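Novice: Structure of the sequence below:
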Amino acid sequence: MTELIRIPVGIVNCYLLRLGHTSVLVDCANPGSEEKIVEALGRHGLAPDNLRMILLTHNHPDHSGTAAWFREHYGLPIAMHPEDIVVGPLKQEGLGGLILGAGTKLVMGGTHEVLPDIALEGGQSLKEYGIPADVLHLPGHTAGSVGLLLDGRRLVCGDLYMNFVGPHLAYIAEDFDRMRNSERKLLARPVDIVFPGHGRPFRFARVTEEAEGRARTKMPLKHPKQADCMDCPNTQGKP
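Specialist: Down below sits the predicted model:
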């Protein structure tokens, strides 16, 4: 079973996928976080040059900010969906959107350009890179947002969902309609635990009832309840 390790860097989550001697880092935080990530890898017995690649769920600087540095210093290839080479402006929805929108520049640490060495696409398997995970194209937060599905039940979702005060569909997105369509795709899958780009992992069942309602009515996003938050351990994805 692929080990899935959450590495929080500030309010952003990076994830380490490890199976045998193969390791992949998913997302890599804001510019300036290089030392923190290297130290975190060291706590798990790894150096950056032990990684097979850096895989980006999307190209916002709070998730991709150190990717170019790791490529330059350690020769690590960057995997990303090509639709995220250029990202668009973010729209806001609800109170959560107003709050997040106001802090977006601080959270993202500015803008930058990242070009992928490996172009990801929906339906692609990472088995050829040593990790049995499937790439899901989940556009909405950005046009090239992707998720990773491990064992058919554990989902690393990037910023499709966030979990600041409870799990919820992101309040900021390039295209909310596309984001809801991405959510609908997940309802047909047996997803159990979601590993978001911000906040702790949570059971997908926490959000499926509201998601099914959105699928029927295209209802707006609701503000989550604190009680919806769940603390999963960092490894294996078991609550």
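Novice: Any idea how many residues pack against the residue nearest to Leu17 when sequence neighbours are not counted?
Specialist: Nearest non-adjacent residue to Leu17, counting by C-beta to C-beta, 6 or more residues apart in numbering: Val24, 4.5 Å away. Where you see a C-beta, it was placed from the backbone N, CA and C, and this is true even at glycine. Val24 has 23 neighbouring residues, counting by other C-beta atoms under 10 Å.
Novice: Next one: Val24, what pLDDT does it get?
Specialist: We have a pLDDT of 98 for Val24.
Novice: what's the answer for Cys229, then?
Specialist: For Cys229, the predicted pLDDT is 42.
Novice: try Glu212
Specialist: Looking at Glu212, the pLDDT reads 80.
Novice: Could you measure from it over to Leu138?
Specialist: Separation of Glu212 from Leu138 (C-beta to C-beta, to the nearest Å) stands at 17 Å.
Novice: who has more neighbours, those two?
Specialist: Using other C-beta under 10 Å, the more surrounded residue of Glu212 and Leu138 is Leu138, with 28 against 13.
Novice: which intervals of the protein have sub-threshold pLDDT?
Specialist: Along the chain, segments meeting pLDDT under 70 span 94-112, 217-239.
Novice: nearest residue to the most centrally placed residue in the chain other than its sequence neighbours?
Specialist: What sits nearest the mean C-alpha location of the chain, by C-alpha atoms, centre = their mean, is Gly158, with 1.7 Å. Once flanking residues are discounted, Gly158 sits nearest to Thr57: 2.9 Å by C-beta to C-beta, 6+ apart.
Novice: Let me see the ranges of the helices in the protein.
Specialist: Assigned helices in the chain, in chain order: 34-43, 61-64, 67-74, 94-108, 176-187, 205-217 (criterion: DSSP state H).
Novice: so which of those is the most packed in?
Specialist: Sort these by mean neighbour count, taking mean count of other C-beta atoms under 10 Å, and helix 61-64 sits at the top with a mean of 26.
Novice: other SSEs contacting it?
Specialist: Contacts defined by 3 or more C-beta pairs under 8 Å, 6 or more residues apart in numbering; DSSP states H and E place helix 61-64 against helix 94-108.
Novice: rerun that using 10 Å as the cut-off
Specialist: Packing contacts for helix 61-64, counted by 3 or more C-beta pairs under 10 Å, 6 or more residues apart in numbering; DSSP states H and E, involve strand 12-19, strand 78-80, helix 94-108.
Novice: hey, C-alpha coordinates of it in CSV?
Specialist: What follows is helix 61-64, C-alpha atoms only, in CSV (Å, rounded to 0.1, in the frame of the first residue of the first chain):
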residue,chain,number,x,y,z
PRO,A,61,2.4,29.8,-6.1
ASP,A,62,1.4,28.5,-2.7
HIS,A,63,1.5,24.9,-4.2
SER,A,64,4.2,25.3,-6.8
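Novice: give the contact list for Leu169.
Specialist: When contacts are counted by C-beta atoms under 10 Å, 6 or more residues apart in numbering, Leu169 is found next to 93, 96, 140-141, 159-162, 176, 179-180, 182-183, 207, 210-211, 214, 221-222, 224.
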